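> here is a sequence together with a model predicted from it:
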Amino acid sequence: MRVLLAVILLFALVMSGCARKKAAPSRGAVSPRAGTAATTEAPLAPQQTAVTGEVAKVNPVARFVVLSFPLGPMPALDQQLNLYRKGAKVAEVKVTGPQRDKNIIADIVTGTPEVGDEARAD
């Protein structure tokens, strides 16, 4: 009697593990039965490629600024950037380097930048 009860419980345990509902394949996944690759979909949000940062320090005598950028893409050397304050263009700078961590040096070409101005490549 105990053996029969143990066999029934073991059978029920094995069958409950196999009876789970299988997840539907995700979009873009390769179906093992199809044997062909699925099409790839475009990302939901467009990737931002524009470089934006802000003026961290200004040295008006030596005519350079220190620009601080969030982690990610940094401007290239010799790239021209425009500086904006409250949406209005106030200066132009040329990235000269050196770069350290998230900061990079740029020479002032025109205008009068201030700390907090937004740096953008337009």
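Ah, there it is. Numbers count the residues shown, from 1 in each chain.
> against Val51, how distant is the residue positioned nearest the centre of the chain?
Among the residues of the chain, the one closest to the centroid is Gly72, at 6.9 Å (C-alpha atoms, centre = their mean). Per C-beta to C-beta, to the nearest Å, Gly72 is found 8 Å from Val51. Just so you know, the C-beta spots here come from the backbone N, C-alpha and C atoms, and that holds for glycine as well.
> contacts for stretch 89-100?
The set of residues external to stretch 89-100 that reach it, using C-beta atoms under 8 Å, 6 or more residues apart in numbering, is 64-65, 67, 74-84, 104-114, 117, 119.
> for the chain, what spans make up the helices?
Secondary structure of the chain (DSSP state H): helices located at 2-18.
> show me where it has its strands.
Secondary structure of the chain (DSSP state E): strands at 52-59, 64-68, 80-85, 88-100, 103-111, 118-120.
> low-confidence bits of the chain, can you list those?
Applying pLDDT under 70 to the chain flags the ranges 13, 16-49.
> what do you get if the cut-off is 90, keeping everything else the same?
Counting by pLDDT under 90, the chain shows low-confidence ranges at 1-51, 71-73, 97, 121-122.
> roughly how far does Val115 sit from Val65?
Relative to Val65, and taking C-beta to C-beta, Val115 is found at 9 Å.
> among these two, which residue is more densely surrounded?
Val65 (27 against 11; other C-beta atoms under 10 Å).
> OK, contacts around the more buried one?
For Val65, the contacting residues are 55-59, 83, 93, 105-106, 108, 113, by C-beta under 8 Å, 6+ apart.
> again, 7 Å this time
Shown in contact with Val65 (C-beta atoms under 7 Å, 6 or more residues apart in numbering): 55, 57-58, 93, 106, 108, 113.
> got the residues you listed as CSV, with distance to Gln99 and neighbour count columns?
As requested, those are arranged in CSV below (distance: C-beta to C-beta, whole Å; neighbours: other C-beta atoms under 10 Å):
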residue, distance to Gln99, neighbour count
Val55, 15, 22
Lys57, 15, 13
Val58, 18, 19
Val93, 14, 26
Ala106, 11, 26
Ile108, 18, 19
Pro113, 18, 25
